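# Sharing a sequence plus its predicted fold:
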Amino acid sequence: MRIPGINQTGVPGAEQISLGAISSAAQGKMRVTEALTKVVSDYEVISNKAEAAAQYGQNYESSLMDMDAAYDDMINQPHYDEDKNPTYRGLEDKWNKMSMGLVTSRLKNFTNKIAKSEYQKDISSYLRGKSNDMRGVVRSRQVDYSKGVLNLQIAAYKQQPGGDNKISQAIMDQVQMGTIDFNAGTELLQTSLEDYSETQLTIKIQSATDDGDLDEIMLDLMSNTDEFLTLSAMKSAITSIGQKEAMLDQEVEGQQKTIYESMLIQVVSGELTSQIDIDLALRATDINPSQFDDLSKRILMDMKGPEIDNWDEYTSVSMNLENYDVADILSNTMLTLDSRKKLVLEKVKLEDEKDKDVDWTKTQSGIEAKRRINEAWTSENGIFGRTSTAEAGEALTELYDTVIKLPLGQREISVVDIANKIIKRRKADKLDKGVQVVDKDTTFASIASDYPPGKERTKLLKKHGQNIGMNVPAQFHTLPQKDALEQLQQELDNL
């Protein structure tokens, strides 16, 4: 057979040999082509993978940085807006919109499908985790806000008649919403209703206007049917009734003394000459029987006095007005009528200044001292405003205890300076009371005199007991500071 393009050699099998060589050469060329094609293909795969990795890494890491920063910025924003409304309600939606906007923007940067697919998968996992975190933040703030509202409600309802039902409902609402668990809610309800009963009893005592009101309150206590009125509250109420009774008596005595002195001035000056007016004052209980007798005698006496003062007597009285009553001055027959009137006016002025010093807490200086201490220890509490901390309460107690020991005339002028010193010392000497070591010269009485009943005193008492190897006598946990101070003085006197 003749093959076109192949020379015939006449040698048997030569044509077949030539054909095989051609076929072999062709196959070799094909393998080279396939190898070259594979190299090109592998290069493209590698190049594609490198590009995918670069796109993924750049966009994913940048996304994480952007979203982490946005997340941190979002949760660090104020918890309440300018109108004191909580901001947690829109926080989750705001995060979802913001994060999806960032992801959508990033997806536009991808040209590699593999990188884009991997990015979508991994960023979705990241967003699920962050969304869970955000829900936790929202829930935490919701709980804090609800508890804050509940505390305000309880504080307000305690002052209201029938507020016990409102307190119960408010607490149970929070339990049902899951803000507080059942056990915590039950405990809070018990303590809140106990506080309510004690507060209402205190309000009733303070509102009493005469002994009859107080007697009625005492009878109610003796036949108490309020299950939430604790024994300690009843004991405290009995003490308060006694104090209120004494206060009412003092108020009546003070009013009678004022009227008596006013009538005495009128008698001395000749304005009051009728016994009938004195009789009417006694019947109206404006004066007491002793004052009535004195006025009745004086109206019959010549109260004009000498024409010229006894100068030694005048000097003695004027220099020691605090030691003389108005009645003493007006009945002083060694002084002229005009001098007595003048000295009485000076006495009244002195008493007014004393009253101002006694009630120093309501003076401008007292208010400023309190403001400075509260300002030194306050906490920002969002919708609940600026609230004083426990440290402020302790500092105010120290301020009061210090000022009240000063003699009259020095309290108002000293109170601001004392407040500044308390702030400076407490700020500088702030220590962890839980680990404070009580020195060897300390006694249980000295601790009780320095600290009001409470956790801080109990800690220090126990610490001191451990240091000296003694149990703390029970009375020192609740002993009033004033009584502890007296006991401490006795201890010092016995040394």
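Sure, I can see it.
# need the strands for the protein, in chain order.
With DSSP state E as the criterion, the chain has strands at 378-380, 386-388.
# Could you identify which of those strands has the lowest mean pLDDT?
For the strands of the chain, the weakest mean pLDDT is recorded on strand 386-388, namely a mean of 47.
# you'd agree Asn224 is up against Met234?
Yes: contact status for Asn224 versus Met234: in contact at 6.7 Å, counting by Cβ atoms under 8 Å. For glycine as for every other residue, the C-beta is placed from the backbone atoms N, C-alpha and C.
# mind checking how far Leu406 is from Lys424?
Separation of Leu406 from Lys424 (Cβ to Cβ, to the nearest Å) stands at 19 Å.
# For these two, indicate the residue with more neighbours.
Higher neighbour count among Leu406 and Lys424: Leu406, with 16 against 11, using other Cβ atoms under 10 Å.
# surely that one meets Ile413?
No: Leu406 lies out of contact with Ile413 (Cβ under 8 Å); the separation is 9.4 Å.
# Where does the prediction get shaky in the stretch 201-350 of the chain?
301-304 (pLDDT under 70).
# Let me see the ranges of the helices in it.
Along the stretch 201-350 of the chain, counting by DSSP state H, counting those that start in this stretch, helices occupy 211-222, 231-269, 275-283, 289-298, 311-319, 326-330, 337-358.
# deepest of these, which one?
Of all these, helix 326-330 has the most neighbours on average by mean count of other Cβ atoms under 10 Å, namely a mean of 20.
# distance between that helix and the chain's centre?
The chain centre lies 51 Å from the centre of helix 326-330; the measure is Cα atoms, centre = their mean, to the nearest Å.
# Contacts for that helix, please.
Identification of contacts with helix 326-330 by Cβ atoms under 8 Å, 6 or more residues apart in numbering yields 260-261, 264-265, 268, 294, 303, 317, 335, 340, 343-344, 347-348.
# same question, stretch 222-242
With Cβ under 8 Å, 6+ apart as the test, stretch 222-242 has contacts from 164, 190, 193-194, 196-198, 201-202, 205-206, 214, 217-218, 221.
# Out of these, which end up buried?
Buried subset of the contacts of stretch 222-242 (neighbour count, 16 or more other Cβ atoms under 10 Å): 164, 193-194, 196-198, 201, 205, 214, 217, 221.
# and those residues as a markdown table, adding distance to Ala474?
As requested, the buried ones among the contacts of stretch 222-242 are arranged in a markdown table below (distance: Cβ to Cβ, whole Å):
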| residue | distance to Ala474 |
| --- | --- |
| Asp164 | 32 |
| Leu193 | 27 |
| Glu194 | 22 |
| Tyr196 | 28 |
| Ser197 | 25 |
| Glu198 | 22 |
| Leu201 | 26 |
| Ile205 | 28 |
| Leu214 | 31 |
| Ile217 | 29 |
| Leu221 | 25 |
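# Mind picking the one among those residues that's closest to Tyr119?
Closest approach to Tyr119 among those (Cβ to Cβ): Leu193, at 58.4 Å.
# Now do the residue lying closest to the closest one once chain neighbours are set aside against Glu187, distance only.
Closest residue to Leu193 apart from its sequence neighbours, by Cβ to Cβ, 6 or more residues apart in numbering: Phe228 at 4.3 Å. Look at Phe228 and Glu187: by Cβ to Cβ, they are 13 Å apart.
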